[in-house]
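[1] sequence unknown, structure follows:
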Ligand SMILES: C[S@@+](CC[C@H](N)C(=O)[O-])C[C@H]1O[C@@H](n2cnc3c(N)ncnc32)[C@H](O)[C@@H]1O
């Protein structure tokens, strides 16, 4: 590998400080190069003295690389339908699995071998058969409704935007939603697991009496509704109530409209709307229920949206917000089982999409403490925080005027 000026970096990382030594490359049949040595000085990095700590950290990094490899293969296996084709199936050859999944055998075999190395798939070298143990199928397919291969998609999806993020580190600018291919698709898959199965039985009952009011007929708004799955589920379950979903994304709203139409739901509407000025434009007292699912922290103006929600609530209305659980303090988030992952999502997505709207870039990990301060600032006098056993990633706030 050479630089554009024909200089090959040599000894790029030395043990004590990064000294980048450049040696001229001599192309075939050319004169001796005139440039023989150039050194770019950078501040020396002091060598670590605690070698045991270095080795322990190195082992962690090697393990992380390996586990990241497993996640990228699981993402492929999920998107291509390979994992689904292996659930509850007898041990088979890669040819038989590829045929059943409608995929190319060579790719299937490479992916299967990687998943064997990762300890996800089993193989019998004597027969060349592969199988997915049922205990693993339970968490990487839809067999039990907790398919963690869905979340594995976030890393490759966000990795695809890395060049934009690297550039943004220098300019400080944001990266708009439209740059993220597949975001709304993956987000809807995520919500289909964290919100939908718990919505009717566990989330709505957090506000006592709400289910009965929904049955009798009330007006409901979901702000930042994305593809609108939660709202559609409620519209189906509570035909006497009226449901409205707002989102900035025309693509997500079009998807929501089409799927509601395909289901023949007549008590639901979706509109493209930028909620950055909702504090001024919300119709006062209109809704008995407002919901947001994972939709406050990446807004341009989260405080304005919350103030608008407060303004739009009827005096006896309730606002239910699901948002990412964290402590609002990075050093305490070491105990969060998904802390580093969620900060990575924030750095690659939630913060830049807000900055791209000229917003405050609150970030995914704004946390419970800051959320409570924002909710109080928006004028809610009664805020209860709940944790639900099915969801280790989110807090649920039940707020009243
Ligand atoms: C993390 S997604 C959650 C989507 C959906 N509630 C779900 O759970 O699947 C956040 C949503 O907020 C929307 N959003 C971001 N900024 C917005 C704005 N200024 N006005 C309205 N919606 C916005 C995004 O388009 C996105 O659909």
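    Looks like it arrived, so ask away. These numbers were taken from a predicted model, which means no experiment stands behind them. Numbering: from 1, shown residues only.
[2] need the residues of the stretch 201-350 of the chain near the ligand, please.
    224-226, 247-249, 252, 274-276, 293-295, 298-300 (Cβ under 6 Å from any ligand atom). Glycine gets a C-beta too; all of them are placed from N, C-alpha and C.
[3] please redo it, this time with the cut-off set to 8 Å
    For the stretch 201-350 of the chain, the residues in contact with the ligand (Cβ under 8 Å from any ligand atom) are 222-230, 246-249, 252, 273-276, 292-295, 298-301, 305, 322, 350.
[4] Could you tell me which of those belong to strands?
    Counting by DSSP state E, those place 222, 223, 246, 247, 292, 293, 322 in strands.
[5] hey, where'd the strands end up in the chain?
    Taking DSSP E, the strands of the chain run over residues 7-10, 20-24, 38-40, 122-124, 129-131, 219-223, 242-247, 268-272, 287-293, 313-324, 382-386, 394-400.
[6] got these as a markdown table, with mean neighbour count and mean pLDDT columns?
    A markdown table is the format used below for the strands of the chain (neighbours: other Cβ atoms under 10 Å; pLDDT from 0 to 100):
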| stretch | mean neighbour count | mean pLDDT |
| --- | --- | --- |
| strand 7-10 | 14 | 38 |
| strand 20-24 | 17 | 41 |
| strand 38-40 | 10 | 57 |
| strand 122-124 | 14 | 98 |
| strand 129-131 | 19 | 98 |
| strand 219-223 | 24 | 98 |
| strand 242-247 | 23 | 98 |
| strand 268-272 | 18 | 98 |
| strand 287-293 | 25 | 98 |
| strand 313-324 | 21 | 98 |
| strand 382-386 | 13 | 98 |
| strand 394-400 | 20 | 98 |
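[7] Compare those and give me the one nearest residue 183.
    With Cβ to Cβ as the measure, strand 242-247 is the member of the strands of the chain nearest residue 183 (12.0 Å).
[8] between the closest one and strand 219-223, how many degrees?
    10 degrees (axes from the mean of the first three to the mean of the last three Cα atoms, to 10 degrees).
[9] The chain should start at 714 in everything you say after this.
    New numbering, starting at 714: the last item is strand 955-960.
[10] The residue of the stretch 1014-1114 of the chain at minimum distance from the ligand and residue 991: what is the separation?
    Here the residue of the stretch 1014-1114 of the chain nearest the ligand is residue 1070; by Cβ to the nearest ligand atom that distance is 5.6 Å. To residue 991, residue 1070 is 13 Å away according to Cβ to Cβ, to the nearest Å.
[11] Counting neighbours, go ahead and name the busier of those two.
    residue 991 (22 against 18; other Cβ atoms under 10 Å).
[12] mind giving me the domain split of this structure?
    720-753, 764-857, 875-1113 (automatic domain parsing).
[13] what distance separates the last one from the middle of the whole chain?
    Just to be clear, that refers to domain 875-1113. 13 Å (Cα atoms, centre = their mean, to the nearest Å).
[14] For the stretch 714-863 of the chain, which residues score under the pLDDT cut-off?
    Where the stretch 714-863 of the chain drops to pLDDT under 70, the residues are 714-754.
[15] Now with 80, please.
    714-756 (pLDDT under 80).
[16] That one: helices as residue ranges?
    Per DSSP state H, counting those that start in this stretch, the stretch 714-863 of the chain carries helices over the ranges 764-793, 795-799, 807-814, 818-830, 847-853, 862-865.
[17] helices or strands up against the first one?
    The helices and strands touching helix 764-793, judged by 3 or more Cβ pairs under 8 Å, 6 or more residues apart in numbering; DSSP states H and E, are helix 795-799, helix 818-830, helix 847-853, helix 862-865, helix 867-872.
[18] Could you name the helices and strands sitting against the first one?
    Contacts defined by 3+ Cβ pairs under 8 Å, 6+ apart place helix 795-799 against helix 764-793, helix 807-814, helix 818-830, helix 847-853.
[19] would TSV of these with mean neighbour count and distance to residue 878 be doable?
    Shown next, in TSV, are the helices and strands packed on helix 795-799 (neighbours: other Cβ atoms under 10 Å; distance: least, Cβ to Cβ, whole Å):
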stretch	mean neighbour count	distance to residue 878
helix 764-793	14	17
helix 807-814	18	33
helix 818-830	18	27
helix 847-853	16	28
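[20] With that, I have no additional questions.
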